[in-house]
Each structure stands twice: as C-alpha cells, then as structure tokens.
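Q: requesting a structural model of the entry that follows:
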Amino acid sequence: MTDPADLAERVRGGDLRLHELEEHADPETAAAARRHLLETETDADLETIGDFSFSAGDADPNVENMIGGAQLPMGVAGPIPINENEEGGSGAAEGEYYLPLATSEGALVASVNRGCSVIRSAGGANARVTKSGMTRAPVFRVSGIAEAAEVVEWVEENTEALREAAEETTSHGELLDVTPYVVGDNVFLRFRFDSKDAMGMNMVTIATQAACDLIEDETTASLVALSGNLCSDKKPAAINAIEGRGRSVTADVTIPREVVEERLHTTPEAIAEANTRKNLIGSAKAGALGFNAHAANTVAAAFLATGQDAAQVVEGANAITTAEVKDGDLYASLSIASLEVGTVGGGTKLPTQTEALDVVGLRGGGDPPGSNADALAEVIATGALAGELSLLAALASRHLSSAHEELGR
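A: Presented below is the predicted three-dimensional model:
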C-alpha cells in the first residue's frame with residue numbers, strides 16, 4: 001500500500017502535482033497525502049476534515065484535489081402540509097414534508113420551523129411551479145447589425161434543426177425555445193431547456209454547444225463564448241428575475257387572524273405593513289433584485305442539505321414576498337423566479353445529500369420525469385415562505401433581537 005507521506009514528499013519535491021495523486025494511489029490515499037502535505041506546510045491539524053463518512057471515490061465527479069469533507073450542522077423543519085386542500089389543479093408536491101436544512105446560523109431552523117408550524121395550524125400552504133427551463137446563452141461575433149439580423153432570421157427559421165442537434169447529445173433534455181438578443185455586432189441566443197429532474201447545467205451546456213456548431217456551419221456568425229452571461233448563471237441578473245431560470249415557483253397561505261395573534265404574537269395588519277415598508281419599499285430604495293426578508297437563508301440551507309449547486313443561491317434570492325389582509329386574515333406569498341434544483345445528478349448523489357433527499361421523499365427521477373424536481377422546488381419555496389412569515393412576525397412584534405438573545409446566538 002502506498003504511503004501518503006511518501007506521496008506528499010514527491011509532491012513537495014516536484015515529482016508529482018497535487019491533481020496527479022489519484023494516478024498513483026486510490027482516492028482515499030490520495031486525499032490523505034494531500035492532508036499530510038498541508039499539515040506539514042501550514043501547521044494545520046486536518047484530523048476533522050479527514051474524518052468523513054463517504055468514500056473519497058464517490059466524490060470524484062464533484063471535487064478535485066480532495067482532502068476530506070466539510071461538515072455543517074443539519075436540522076429539520078416541519079412537517080409542513082403542501083397542496084392538500086388546493087382547488088383548480090394540483091401541484092407536484094402533495095402531503096406533509098420535512099425539510100432538512102444545513103446551516104451554521106443559529107436560530108434559522110427554529111425560525112423556519114415556527115413558520116412551518118403556523119402554516120400547519122392554518123391548514124397548509126399551496127405551491128406551484130409556474131415556469132421551468134434551464135438556460136445557456138452563447139454570444140456570437142458578427143460584422144454588424146445587418147449580419148446580426150440575418151443570423152437571427154436563420155435561427156428563427158431553423159429552430160427545429162437546432163432542436164435536433166441539441167437533443168442528440170442527451171436522452172432527457174428537451175430544447176424549449178431560443179430567444180435572440182442583439183447588441184451591436186454581438187448576437188446572444190438564450191437557449192432554454194427542459195432538463196427534467198436534473199438541475200441540468202452540464203446537460204444544457206453540452207447540448208447548446210452542439211447547436212452552436214450548427215449555427216457556425218450554416219451562418220457567418222462566430223462563437224466567442226458558450227456562455228455570454230445572458231443565461232445568467234450564479235450572478236444577480238434582472239433577466240432571471242423576469243424570465244426565470246430553473247424553476248419559477250410560488251408558495252402561498254392564508255392564516256386566520258386568531259392564528260396570527262396567538263402563534264405569531266402580532267396582527268395581520270402589522271405583518272402586512274412590515275412587509276410593505278421593509279421588503280417592498282426598502283428593497284426598491286436599495287435597488288435590490290430580491291424583494292424579500294431572507295428567502296436565500298432557507299434556500300441556501302436546503303441547497304447544502306440536498307446537494308444543490310450552492311452558488312446558485314444567488315438566483316434563489318430573486319424572490320418577492322407579499323403580505324396583505326384579506327377579510328381580516330393574513331394572506332402571504334413567496335414567488336421565487338429562478339430556483340435551480342434537481343433530484344438527480346451533481347451533489348444529489350453524495351451519501352449525506354442522498355439521505356436528506358430521502359427525508360423529503362424526493363430522491364432520484366420522478367414519474368413523470370421532472371415531477372420530483374418540481375416537488376422539491378415547491379417544498380423549498382414553502383419552507384422559505386415559512387421563514388419569511390417567522391421573520392416578519394418577529395420584526396412586527398419587535399421580538400427579533402430577543403429571540404436571538406434567548407437562543408444564545
């Protein structure tokens with residue numbers, strides 16, 4: 001068996017590079033060698049990082065230069081009833097769900113859980129995925145606007161040929177549409193795909209490349225970058241807030257006045273006012289893209305727990321919270337424009353995240369395809385709505401600081 005210390009010494013001497021260790025040892029030994037090297041060169045103690053519960057080989061598709069595992073506390077909120085009493089069609093989620101949340105922020109799980117309890121007392125929430133589609137937007141170079149118009153015309157007349165080229169690369173993805181944008185001698189094409197139960201970023205990137213090859217073969221346009229930032233991935237972008245990316249999902253609930261008063265210790269009017277002045281007016285004054293209290297808090301914790309791409313929390317913050325008084329009761333909703341989630345592929349295959357998805361009951365592909373990812377989006381949105389309700393109530397009742405103080409945070 002190869003000694004990790006010997007491998008580390010070879011790296012230090014320049015005989016090997018860090019990323020080559022798996023070519024000379026099994027994944028566990030390679031990770032141990034990197035830890036040994038880092039401990040020697042930095043005086044760090046990596047005993048805890050090296051104490052992880054999954055096989056290093058299982059993480060090969062997810063990370064390079066592996067040294068171990070990062071551990072976060074994981075809590076659970078719920079159960080929360082979703083789409084049990086809806087009218088006019090059904091959502092993908094139906095029943096009661098627990099939502100695992102991985103976080104280092106004290107009071108977050110308690111806050112979301114309080115909101116879940118209130119929603120449960122109100123008879124449950126409704127949630128719907130209203131639009132779905134993962135995007136990739138390449139940018140092409142042309143000589144000027146006349147040539148740009150010709151390229152756009154060709155794309156619009158040959159969408160079916162682009163669809164065939166793209167879908168030859170995947171057994172699951174479907175090209176839904178291609179939207180052109182022209183800026184001077186730049187042509188951006190925003191491809192939107194149905195990626196079923198996968199978050200789909202890698203899928204649509206490969207499929208879009210095939211479509212771009214056809215465009216270059218058949219037009220005078222030259223591909224400059226497969227991603228031209230009109231996608232827009234992992235960056236704040238108004239286009240995602242307006243057009244959506246991944247899943248656009250809304251959750252709402254009507255909470256009787258007596259429940260608001262007894263469980264949240266405030267009134268529907270106070271929560272509605274706090275939401276208007278904080279989430280709407282305050283966010284507008286700040287020039288924010290998200291008009292919510294802290295939706296990304298719940299989204300991030302759910303992403304970490306269930307193996308989603310954590311950087312896409314940026315898009316998950318594209319959310320609007322509403323609160324108003326209806327017939328004396330509180331109506332509240334949360335609409336997330338771009339929630340990028342999947343139940344297959346990527347980090348969802350890691351053992352901890354697989355177990356968390358089992359807690360939700362949504363691991364793997366759904367029947368029909370896409371239904372599990374839709375349901376996960378609805379559960380996360382409802383959990384985020386619970387977090388919004390709890391925080392707004394804490395602000396309206398002036399209990400925010402005392403709640404953190406009581407929990408020792």
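Q: can you pull out the helices in the stretch 101-250 of the chain?
A: Here the stretch 101-250 of the chain has its helices, by DSSP state H, counting those that start in this stretch, at 108-121, 145-157, 159-167, 201-218, 238-243.
Q: any chance of those in CSV, with mean neighbour count and distance to A25 too?
A: Just so you know, the C-beta spots here come from the backbone N, C-alpha and C atoms, and that holds for glycine as well. Listed next are these as CSV, based on neighbours: other C-beta atoms under 10 Å; distance: least, C-beta to C-beta, whole Å:
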stretch, mean neighbour count, distance to A25
helix 108-121, 23, 39
helix 145-157, 15, 49
helix 159-167, 17, 40
helix 201-218, 19, 28
helix 238-243, 18, 43
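Q: centre-most residue in the chain?
A: Of all residues in the chain, the one closest to the mean position by C-alpha atoms, centre = their mean is E340, 4.0 Å from it.
Q: and the pLDDT at it?
A: Confidence at E340, expressed as pLDDT, is 97.
Q: closest to G361 out of the helices of the stretch 101-250 of the chain?
A: helix 108-121 (15.8 Å; C-beta to C-beta).
Q: just checking, what packs against the closest one?
A: strand 74-82, strand 95-102, strand 246-255, helix 257-263, helix 295-306, helix 371-396 (3 or more C-beta pairs under 8 Å, 6 or more residues apart in numbering; DSSP states H and E).
Q: reformat the ones you listed as JSON lines; add mean pLDDT and mean neighbour count.
A: Listed next are the helices and strands packed on helix 108-121 as JSON lines, based on pLDDT from 0 to 100; neighbours: other C-beta atoms under 10 Å:
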{"stretch": "strand 74-82", "mean pLDDT": "96", "mean neighbour count": "21"}
{"stretch": "strand 95-102", "mean pLDDT": "97", "mean neighbour count": "22"}
{"stretch": "strand 246-255", "mean pLDDT": "98", "mean neighbour count": "25"}
{"stretch": "helix 257-263", "mean pLDDT": "96", "mean neighbour count": "16"}
{"stretch": "helix 295-306", "mean pLDDT": "98", "mean neighbour count": "26"}
{"stretch": "helix 371-396", "mean pLDDT": "97", "mean neighbour count": "28"}
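Q: need these in JSON lines with distance to T42, can you?
A: Written out in JSON lines, the entries for the helices and strands packed on helix 108-121 read as follows (distance: least, C-beta to C-beta, whole Å):
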{"stretch": "strand 74-82", "distance to T42": "28"}
{"stretch": "strand 95-102", "distance to T42": "26"}
{"stretch": "strand 246-255", "distance to T42": "38"}
{"stretch": "helix 257-263", "distance to T42": "50"}
{"stretch": "helix 295-306", "distance to T42": "26"}
{"stretch": "helix 371-396", "distance to T42": "37"}
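Q: so the residue nearest to the centre of the chain touches G246, yeah?
A: Yes - taking C-beta atoms under 8 Å as the contact criterion, E340 and G246 are neighbours in contact, 3.3 Å apart.
Q: quick one: common contacting residues for the two?
A: Contact criterion C-beta atoms under 8 Å, 6 or more residues apart in numbering; residues bridging E340 and G246 by contacting each: 134, 199, 312, 315.
Q: cross those residues against strands and list the overlap.
A: M134 (DSSP state E).
Q: I figured G115 hits T382, correct?
A: No - because the distance of 9.3 Å does not satisfy C-beta under 8 Å, G115 is recorded as not touching T382.
Q: on that earlier part again, could I get the helices of the stretch 101-250 of the chain in CSV, plus columns for mean pLDDT and distance to L304?
A: Formatted as CSV, the entries for those read as follows, by pLDDT from 0 to 100; distance: least, C-beta to C-beta, whole Å:
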stretch, mean pLDDT, distance to L304
helix 108-121, 97, 12
helix 145-157, 98, 39
helix 159-167, 97, 31
helix 201-218, 97, 17
helix 238-243, 95, 21
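Q: between the ones you listed, which one is nearest to T267?
A: helix 108-121 (13.7 Å).
Q: next, the angle strand 74-82 makes with that closest one.
A: For helix 108-121 against strand 74-82, the angle by axes from the mean of the first three to the mean of the last three C-alpha atoms, to 10 degrees is 20 degrees.
Q: convert the C-alpha atoms of helix 108-121 to PDB, please.
A: Extracted C-alpha coordinates of helix 108-121, given in PDB (Å, rounded to 0.1, in the frame of the first residue of the first chain):
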ATOM      1  CA  LEU A 108     -32.600  29.900  11.300                       C
ATOM      2  CA  VAL A 109     -34.000  26.400  11.700                       C
ATOM      3  CA  ALA A 110     -36.000  27.400  14.700                       C
ATOM      4  CA  SER A 111     -37.400  30.300  12.700                       C
ATOM      5  CA  VAL A 112     -38.400  28.300   9.700                       C
ATOM      6  CA  ASN A 113     -39.800  25.600  11.900                       C
ATOM      7  CA  ARG A 114     -42.000  28.200  13.700                       C
ATOM      8  CA  GLY A 115     -43.300  29.300  10.300                       C
ATOM      9  CA  CYS A 116     -44.000  25.700   9.300                       C
ATOM     10  CA  SER A 117     -46.000  25.200  12.500                       C
ATOM     11  CA  VAL A 118     -48.100  28.300  11.800                       C
ATOM     12  CA  ILE A 119     -48.700  27.200   8.200                       C
ATOM     13  CA  ARG A 120     -49.800  23.800   9.500                       C
ATOM     14  CA  SER A 121     -52.100  25.400  12.000                       C
END
